[in-house]
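Chemist: Would you be able to build a 3D model of this:
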Amino acid sequence: MIKKLLKYYNNPLIKDNLILFISNSITGFLVFLFHFYMGRVLGPASYGVIGVILSIVYIFNIPLTTIQTGISKFTSDFKAKNKFNEISYLFKSSIKRLFILGLITMILFLIISPFIASYLKIKVLPLIILAPFIIFIFLVPVNRGMLQGLQKFTGFGINLISEGIVKFFVGILIVAIGFGVNGAVGAIVLSYIVAFVLGFYYLRKIIPKNIKKFNTKKIYKYSLPTLLMLIGLTALYTIDVLLVKHFFTDTEAGYYVAISTLGKILFFGSYSITQVMFPKVSELYSKKKPYKHLLYKSLLMMLIILIPAILFYFLFSEFIINIIYGKDYLNIAYLLGWFAVIMGLFSLIYTVAFYNLSINRNKFLYILFLFNLLEIILIHIFHNNLTQVITVLTILMFLLFIFMFSQVIISKDGKSIYNNTSA
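Modeler: Next comes the predicted model:
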């Protein structure tokens, strides 16, 4: 029995997946503890500011995922062909260009920080403290993409965990000393700096000194649809937090951030299904074999996870909020179940979006951005109370999923009435 288990563990595919699963689980748990501590210690009003800062972080995380995906793909291609000098050029040129881009973006962010602070009704200092994070949000994915593409999954996993460790433990320390929101923001910045330095440490002996140039335009071409999709998807679950912070009191915004954070657990707990589906559909599509059934199976698996979770949120909303955030947040318990519905629908939308991308169907992006615009307009109109905001989001998520899923149903071999496989 033990020999069989060792045999399975020594299988590279199983071993690497296990390493990343454990790493992601540890990182996710540390992030959860970060929210748990900050929500209880800082209170609803200050925690609302943390929620806004994290929404900005989520927006800037879009380049991280996009860059990491592109770097990983081309690194693995070069590795397969033993073109390590090209990998070296990819690494060095990416670090140089993205540092410059990050620096320019940080300067622009600092310039507009007073306007952002005024709109969100927060102090400008947390935004100034956050600014250096912008440089590293462009650099960290280079290291992680390299580690992923070179299949150095132990280093990749440790890199992920290091971010969570610094964010949680340094955050607790600085906040306990008395720096409050500013300390929590500083811990977020430091977590990305440590992740970059640690990733660089792991790569120093792998990347050769000699370089060989190649045309990097194909990387940008590959990344563009992914970037646009991630912008649209991320906006769906961040715009609402920013608008609530603008239209409501600090305490109400803190309540909303609490249920939003709990709702996102459903998404982050199920999105691995999408990660598995994406390459499988892409492979079948390239081989011109049927692939739609994989989407149906993936959605079914997600529903098996999401439906019981949503029911649990409805039935035990007060218990969940009291245990995690405390009695100060019980005023918002009646909306927790409905926010779980919103994030459940978002999880399904996320899966259908990646399905479209895997078969080169990109015109769905127009629909996605249309719903981003509708979300902004409708929340500007309907924001008398948090119930109205939740109602707007529920209706929009439901309609967006129905529209996108109906296009899949009526499509044939990847061709729909509004797109084609060559798009």
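Chemist: Past the lowest-mean-pLDDT helix or strand in the chain, which element shows up next along the chain?
Modeler: Of all the helices and strands that make up the chain, the one with the lowest confidence by mean pLDDT, DSSP states H and E is helix 2-10; it has a mean of 48. Toward the C-terminal end, the helix or strand that comes next after helix 2-10 (DSSP states H and E) is helix 12-80.
Chemist: pLDDT of that following helix, averaged?
Modeler: When the per-residue pLDDT values of helix 12-80 are averaged, the result is 75.
Chemist: Kindly report the same for stretch 163-170.
Modeler: 90.
Chemist: Using CSV, write out every CA atom in that stretch.
Modeler: Listed next in CSV are the C-alpha coordinates belonging to stretch 163-170 (Å, rounded to 0.1, in the frame of the first residue of the first chain):
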residue,chain,number,x,y,z
GLU,A,163,3.5,36.3,0.3
GLY,A,164,0.8,35.0,2.6
ILE,A,165,3.2,34.7,5.6
VAL,A,166,4.5,38.3,5.3
LYS,A,167,1.0,39.7,4.7
PHE,A,168,-0.4,38.0,7.8
PHE,A,169,2.3,38.1,10.4
VAL,A,170,3.8,41.5,9.5
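Chemist: quick one: contacts of it?
Modeler: Outside stretch 163-170, the residues within contact range by C-beta atoms under 8 Å, 6 or more residues apart in numbering are 26-31, 33-34, 37, 186-188, 190-192, 194-195. Bear in mind the C-beta positions are built from the backbone N, C-alpha and C, glycine included.
Chemist: Mind checking which of the residues you listed are buried?
Modeler: 27, 30-31, 33-34, 37, 186-188, 190-192, 194-195 (16 or more other C-beta atoms under 10 Å).
Chemist: Show me which of those is closest to residue 401.
Modeler: Relative to residue 401, the closest of those is residue 31; by C-beta to C-beta it sits at 26.5 Å.
Chemist: Backbone dihedrals for residue 212, please?
Modeler: phi -140, psi 120 (degrees, to the nearest 10).
Chemist: how far away is it from residue 166?
Modeler: When C-beta to C-beta, to the nearest Å is the yardstick, residue 212 and residue 166 sit 36 Å from each other.
Chemist: what do you get for residue 322?
Modeler: 29 Å.
Chemist: In terms of neighbours, single out the busier of those two.
Modeler: Under the criterion of other C-beta atoms under 10 Å, the comparison of residue 322 against residue 166 puts residue 166 first, with 21 against 15.
Chemist: Redo the buried ones among the contacts of stretch 163-170 as a markdown table? Include distance to residue 315.
Modeler: Listed next are the buried ones among the contacts of stretch 163-170 as a markdown table, based on distance: C-beta to C-beta, whole Å:
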| residue | distance to residue 315 |
| --- | --- |
| 27 | 29 |
| 30 | 28 |
| 31 | 25 |
| 33 | 25 |
| 34 | 27 |
| 37 | 26 |
| 186 | 39 |
| 187 | 35 |
| 188 | 34 |
| 190 | 39 |
| 191 | 35 |
| 192 | 38 |
| 194 | 40 |
| 195 | 38 |
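Chemist: Next, give me the two most distant ones among those.
Modeler: When the buried ones among the contacts of stretch 163-170 are compared pair by pair using C-beta to C-beta, the farthest-apart members prove to be 37 and 195, with a separation of 20.3 Å.
Chemist: gap between the closest residue to residue 24 other than its chain neighbours and residue 64?
Modeler: Closest residue in space to residue 24, ignoring its immediate chain neighbours: residue 160 at 6.6 Å, by C-beta to C-beta, 6 or more residues apart in numbering. According to C-beta to C-beta, residue 160 stands 12 Å off from residue 64.
Chemist: again, but for residue 83
Modeler: From residue 83 over to residue 64 (counting by C-beta to C-beta), the distance is 25 Å.
Chemist: and if you look at residue 309?
Modeler: From residue 309 over to residue 64 (counting by C-beta to C-beta), the distance is 27 Å.
Chemist: which one of those two has more residues nearby?
Modeler: Comparing residue 309 with residue 64 by neighbour count (other C-beta under 10 Å), the higher total belongs to residue 64, at 21 against 17.
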